[in-house]
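Peer 1: Make a model of this:
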Amino acid sequence: MFSHLTTSIQYLKGIGPKRAKSFEKSGIKTIEDLLFYFPRCYEDRSEVIPLDKVIPGNVVTVEGEVFRVGGRRAMRRGMDVLEVVLGDDTKQVTAVWFNQPYLRHYFLLGKKVLLHGKAEIYKERLQIVSPEFEMIDEGEEFQEVDKIVPRYTLPQGYSQRGFRKIVKIVLDKHIPQVEEVLPFNIRSKHRLLNIAQSLLNIHFPQSHDLRKEAFRRLSFEEFFIYQVPLVLRKLKRKEKAGIAFKIEDAFLDAFIRTLAFELTFSQKMVLTEIKHDMSLSKPMQRLLQGDVGSGKTIVATLASLVAVSNGFQVAFMVPTEILANQHFEKLSEFFKMLSHKVTPHSFATGQAMSKGHKSKIELALLTGSITKEKRKKIYKEIATGEIDIVIGTHAVIQEGVNFKNLGLIVIDEQHKFGVSQRTLLTKKGISPDILIMTATPIPRTLAMTLYGDLDISLIRELPPGRKKIETLLYNLSERSGAYDFVKKQVLEGRQVYIVYPIIEESETLELSSAKKMFKEFSEEIFKEFKVGLLHGRVKKEEQELTMRLFRDGKLDILVATTILEVGIDVPNATVMMIEHADRFGLSQLHQMRGRVGRGAHASFCLLVSDAETEEAQARLGAFVKETDGFKIAEEDLKLRGPGEFFGDRQHGLVQLKIANPLTQMHLLKAAREEAIKLIETDPKLLDRNHQELRRQLYMRFPEFEKFLEVA
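Peer 2: Here you go, the predicted model:
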């Protein structure tokens, strides 16, 4: 067997190329990946109790001798049932498995077996359904009796026991080869275990205390590795020369007076922060957080006005064509009222701007669906500087788009883009200012982790006039009542969204699908109304057309998947009905709820769910009562963790396999402080004690080498 940690997993005994593909789907490509593939939970088998001490309803570990093995056919449910009766000196218990007749050959009369599972009483007998089991064999080297046993999210085709065996083999063979990322002085100061002890006790804990210590050490390491490039990126930004825009408050105030609404206190505060950043001679890098409908777009418009009035261009990038069209229409409307002549100013470098600059701000819409001829014309006008503000999708970062004088980049719905796309756009100018906007509320604690290189602005209040959305919870048996509610709203002239978690029916998930229900709605339940279907598998052109029809009032009901999470303003849409609501994260639910309540009419969010677990019921109950997106996001992060919260696109957070910034904030702060100290003393990480850290950073962050150019 190969010994190097970067060796492919396929070379492990018993795996090979075919099984390696199953491991790769779980993110395990190398031996090192397997060592850092952490358990999702643990079973405490350290206390085996006699059968007469078992309390029904508890998860227990018991040991017994096989007395009887039998099988039967459950006619009502059409399943094979295997029943194994075990006993000790005090009592008997029946272990039951469904549709697993092949297990029979494991249970030989007289053999000793360990069972772990939830005990219950069925027909006056003690039983454990589908327990984990282990044959107690004195000759077996790998025993899991009297231990704290890990449980993993398994690659396809593996049992917990089989996977644990592989992990144990790899630990025994390769643990001496794992090098320390954390320097000794940091480990000593924070009383952290070494890496070998940590990996051994996170996979196969010797005690509960050692498992906690292993968790603390590995969490600290993840935070530390993530913070180092953020600290370097922020340092690099400070070293860069940027554009010092001249801020003309009288001009901005005149524009604000043309608006049909008042800016909120939060919007004014955020605008002050942005103006300050733009006036400095270093590039602005600011994250603007604001709930759905909080008015981020007008703040971005005012920042754009600062750039354009200084003779610079603005790139405004959004994730969808519909959203690009919406922003184009909004900004066009805002600037239509602008009668003040835009007078360019000289800026920090002393470069003089051309005379006779146009008094009208020119906008262009650039998306993938525009004709080749029109695109060519827009490219030319961007290159010559005739266009001041370009609003578009990924088309904005295409190779042919060359700005004459790009000064500001605005990115909306940042979490829908990868970091590499953001970087491509910044290369189209010389140190342009960047304003990133997100409607996904991120608690400030987590924002420090994710955007530690950015300054953060926050809009907490909604503009006056935004309607509070009433949220109602229905169980599946009450679904017809929800449909009656929908009909009433449509008959009153309103429009409705109905969202499903899946597109098509699944054999493994007993859920209604968007496609199936669209057919049922169109032909039966809502046949008197105009119903549309929207999901991610249809072509973009079809998606755009469907959304346009709904926006223009030509559809009454839009059946969709979570593609609606980032949508458009339809003031006439007053109902968001979410089927199988327990299948969504709280932040997703909040985003979808924010699609309604944008007009003058009362709006509603209807949740339909058959949530059985107490946790799911509590989550949905909290969502019904809570409307603050930041509080909802905090609860979501506690329940789902950062990786699930942001999804795979969010660079960096998917690296947090074990740490959670919300529950370990003190650890995050300590790791950040140590990262700052380390970069101050060794900015290029040339010290021999930092070589493993350097390797890990190169491996996890593709742009890491650029950060090292700072020093």
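
Peer 1: Neighbouring strands - and their directions - for the helix or strand hosting V84?
Peer 2: Element membership for V84 (DSSP states H and E) is strand 79-87. Within its sheet, strand 79-87 is paired with strand 59-74 (antiparallel), strand 92-98 (antiparallel), according to DSSP bridges.

Peer 1: To E333, which of these lies closest?
Peer 2: For the strands paired with strand 79-87, proximity to E333 was assessed by CB to CB; strand 59-74 is nearest, at 60.6 Å. C-betas here are computed from N, CA, C, even on glycine.

Peer 1: Give me the residues contacting the closest one.
Peer 2: Identification of contacts with strand 59-74 by CB atoms under 8 Å, 6 or more residues apart in numbering yields 43-45, 47-51, 54, 79-88, 92-93, 98, 101, 104, 107-119, 128, 136, 145.

Peer 1: what is the rounded mean pLDDT of it?
Peer 2: The average pLDDT within strand 59-74 is 85.

Peer 1: Would you tell me which helix is longest in this structure?
Peer 2: Among the segments of the chain that qualify as a helix by DSSP state H, the longest is helix 208-239.

Peer 1: Please, where are all the strands along the stretch 251-400 of the chain?
Peer 2: For the stretch 251-400 of the chain, strands defined by DSSP state E, counting those that start in this stretch occupy the ranges 285-290, 313-317, 363-366, 389-392.

Peer 1: Just checking: what are the partner strands of the helix or strand that comes right after the last one?
Peer 2: Secondary structure here is assigned by DSSP H and E; on that basis, the next helix or strand after strand 389-392 toward the C-terminus is strand 406-412. When pairing is defined by DSSP bridges, strand 406-412 lines up against strand 313-317 (parallel), strand 433-438 (parallel).

Peer 1: how far off strand 285-290 does strand 406-412 point, in degrees?
Peer 2: Strand 406-412 and strand 285-290 are oriented at 30 degrees to each other (axes from the mean of the first three to the mean of the last three CA atoms, to 10 degrees).

Peer 1: Figure out the length between the terminal residues of stretch 284-297.
Peer 2: One end of stretch 284-297 to the other measures 18 Å (CA to CA, to the nearest Å).

Peer 1: Ok, stretch 579-599 next?
Peer 2: End-to-end for stretch 579-599, by CA to CA: 24 Å.

Peer 1: can you give me the helices for the stretch 51-200 of the chain?
Peer 2: 160-174, 184-189, 195-203 (DSSP state H, counting those that start in this stretch).

Peer 1: average pLDDT for the second one?
Peer 2: What that stands for is helix 184-189. On average, helix 184-189 scores 94.

Peer 1: Can you list the buried residues in that helix?
Peer 2: Buried residues in helix 184-189, defined by neighbour count with 16 or more other CB atoms under 10 Å: 186-187.

Peer 1: contact partners of it?
Peer 2: So helix 184-189 is in contact with 180, 192-194, 217, 224, 674, 689, going by CB under 8 Å, 6+ apart.

Peer 1: Could you dump those into a markdown table with pLDDT added?
Peer 2: Formatted as a markdown table, the contacts of helix 184-189 follow (pLDDT from 0 to 100):
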| residue | pLDDT |
| --- | --- |
| E180 | 92 |
| L192 | 96 |
| L193 | 96 |
| N194 | 95 |
| R217 | 96 |
| F224 | 92 |
| E674 | 94 |
| N689 | 87 |
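
Peer 1: Just the buried ones among the residues you listed, please.
Peer 2: Among the contacts of helix 184-189, those classed as buried by 16+ other CB under 10 Å are 192-193, 217, 224, 674.

Peer 1: what bits of the stretch 151-300 of the chain have low per-residue confidence?
Peer 2: Judged by pLDDT under 70, the stretch 151-300 of the chain has its weakly predicted residues at 237-239.

Peer 1: rerun that using 50 as the cut-off
Peer 2: Within the stretch 151-300 of the chain, no stretch falls below the threshold (pLDDT under 50).

Peer 1: again with the chain
Peer 2: For the chain (pLDDT under 50), the answer is 1-3, 339-358, 507-509, 648-654, 710-711.

Peer 1: can I assume V396 is in contact with A315?
Peer 2: Yes. Counting by CB atoms under 8 Å, V396 touches A315, with 5.5 Å between them.

Peer 1: Okay, the closest residue to H690 other than its chain neighbours and I676: tell me how far apart.
Peer 2: Among residues not flanking H690 along the chain, D682 sits closest, at 6.0 Å (CB to CB, 6 or more residues apart in numbering). With distances taken as CB to CB, to the nearest Å, D682 is found 12 Å from I676.

Peer 1: Okay, helices next: where are they in the stretch 551-700 of the chain?
Peer 2: Assigned by DSSP H, counting those that start in this stretch, the helices in the stretch 551-700 of the chain fall at 586-593, 614-625, 629-646, 665-681, 691-700.

Peer 1: Could you identify which of those helices is most buried?
Peer 2: Of those, the one with the most neighbours on average (mean count of other CB atoms under 10 Å) is helix 586-593, at a mean of 23.

Peer 1: got the angle between that helix and helix 614-625?
Peer 2: Using the same axes, to 10 degrees, helix 586-593 lies at 40 degrees relative to helix 614-625.

Peer 1: Put the alpha carbons of helix 586-593 into PDB.
Peer 2: Taking Å, rounded to 0.1, in the frame of the first residue of the first chain, the C-alpha atoms of helix 586-593 are listed here in PDB:
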ATOM      1  CA  LEU A 586     -35.500  28.600   7.500                       C
ATOM      2  CA  SER A 587     -33.500  31.100   5.400                       C
ATOM      3  CA  GLN A 588     -34.800  29.600   2.200                       C
ATOM      4  CA  LEU A 589     -38.400  29.900   3.600                       C
ATOM      5  CA  HIS A 590     -37.700  33.500   4.500                       C
ATOM      6  CA  GLN A 591     -36.300  34.400   1.100                       C
ATOM      7  CA  MET A 592     -39.400  32.900  -0.600                       C
ATOM      8  CA  ARG A 593     -41.700  34.600   1.800                       C
END
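
Peer 1: Start at 663, not 1
Peer 2: From this message on, residue numbering opens at 663, which makes the last subject helix 1248-1255.

Peer 1: helices or strands up against it?
Peer 2: In this structure, helix 1248-1255 packs against strand 1235-1241, strand 1265-1270, helix 1276-1287, helix 1291-1308, with contacts taken as 3 or more CB pairs under 8 Å, 6 or more residues apart in numbering; DSSP states H and E.
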